[in-house]
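need coordinates for the following:
(one chain, ligands or ions: 2)
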Amino acid sequence: MSKIAINKFNIITTQELLVHVSISSNKNGGFYKKLKLINHFKIRKQTMTRNSTEYYRENRQLKKTVYKCPHCDYKSYNSRMCLVNHINAKHINECDKPFQCRFCDRGFSQKAHLCVHCEKEHDVKINEGRIVSIAYIIKPTTQEPKSKKTKARRLYYKNNDVIKTTDLNNKKHEYLPDVFMKQHDIHYDARKGFITLHKCPLWKKK
Ligand SMILES: [Zn+2]
Ligand SMILES: [Zn+2]
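Ligands and ions are numbered 1, 2, ... in the order given. Alright, predicted model coming up:
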């Protein structure tokens, strides 16, 4: 693999990245490999940043690297996390959001928003820094689902009765070959009465 060009900020620019990717993909071929390389260098680019605040300030001015939302016109010249937050906030159903309220059905894209909600709606003060994820404690009911997928999930719950939101986000629950459990599946099963559901917050150990 050829060496990556490094500019004065120790960061490869988008043009340099694209040149590099096209060289590499000519050698290896295949669109999939090209995509993988782009992702690889996006991460590489970030870890190579000497001073990220300085880099993003510079980037906002020069508009070198842009993170574009695949679902709408949103663009960000800030870090990739800004795009992730945007997608979580605008394009994901509440039940699929990473920070779930343990007292009601609401879900939030950012931990801080969950904390504000708990304090306002449930009069519970939560230390913002300490909740890591929510665990769903699941019990299948006697009600039998008809669809193949729902049946498979109901069976899966019998051996996996505690499911963490972080594991769902990292595709750790494969209930059928290549089919991964999502948060909205669990909420759906609960709504339809196939399972009973309790939410339990998981705290970071000190
Ligand atoms: Zn968007
Ligand atoms: Zn709530």
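
now residue 94: phi and psi?
phi -50, psi -40 (degrees, to the nearest 10).

what of residue 134?
Dihedral angles for residue 134 - degrees, to the nearest 10 - are phi -110, psi 140.

surely it and residue 197 touch.
No - using CB atoms under 8 Å, residue 134 is not in contact with residue 197; the gap is 10.8 Å. C-beta coordinates here come from the backbone N, C-alpha and C atoms, glycine included.

more crowded one of these two?
residue 134 (22 against 15; other CB atoms under 10 Å).

so what sits opposite the closest residue to that one other than its chain neighbours in the bridge?
Among residues not flanking residue 134 along the chain, residue 100 sits closest, at 4.4 Å (CB to CB, 6 or more residues apart in numbering). The bridge-partner assignment for residue 100, based on DSSP bridges, gives residue 107.

distance of residue 100 relative to residue 139?
Between residue 100 and residue 139 the computed distance is 18 Å (CB to CB, to the nearest Å).

between the two, tell me which one has more neighbours.
Each of residue 100 and residue 139 has its neighbours counted (other CB under 10 Å); residue 100 has more, 25 against 11.

measure that one to ligand 1 for me?
Plainly put, residue 100 is 22 Å away from ligand 1 if you go by CB to the ion, to the nearest Å.

which residues touch that residue?
106, 107, 108, 114, 134, 165, 183, 199 (CB atoms under 8 Å, 6 or more residues apart in numbering).

residues contacting the first one?
Read it as residue 106. Residue 106 neighbours (CB under 8 Å, 6+ apart): 94, 100, 117, 121.

so what's it scoring on pLDDT?
On pLDDT, residue 106 comes in at 90.

just the fourth one next, same as before
Confidence at residue 114, expressed as pLDDT, is 89.

when you give positions from now on, start the count at 31
Will do, 31 is the new start, and the previous item becomes residue 144.

report the secondary structure state of residue 166.
The three-state label given to residue 166 by DSSP: H, G, I helix; E, B strand; the rest coil is strand.

looking at it, it is touching residue 227, isn't it?
Yes - Residue 166 lies in contact with residue 227 (CB under 8 Å); the separation is 5.9 Å.

which residue ranges form the strands in the protein?
Taking DSSP state E as the test, the strands found in the chain are 97-98, 105-106, 129-130, 137-138, 161-170, 192-194, 204-206, 209-210, 225-233.

relative to strand 225-233, how tilted is the fifth one?
With axes from the mean of the first three to the mean of the last three CA atoms, to 10 degrees defining the directions, strand 161-170 sits at 160 degrees from strand 225-233.

in strand 161-170, what's buried?
Neighbour-count burial for strand 161-170, counted by 16 or more other CB atoms under 10 Å, picks out 161, 163, 164, 165, 166, 168, 170.

so what touches it?
Residues contacting strand 161-170 (CB under 8 Å, 6+ apart): 128-130, 132, 141, 144, 184, 187-188, 190-196, 216, 224-234.

how much space separates residue 200 from residue 210?
9 Å.

these two - which one has more neighbours?
residue 210 (14 against 10).

and the residue lying farthest from the centre of the chain, how far is that from residue 220?
The centre of the chain is farthest from one residue, residue 172, which by CA atoms, centre = their mean lies 33.0 Å away. Distance, residue 172 to residue 220, using CB to CB: 15 Å.
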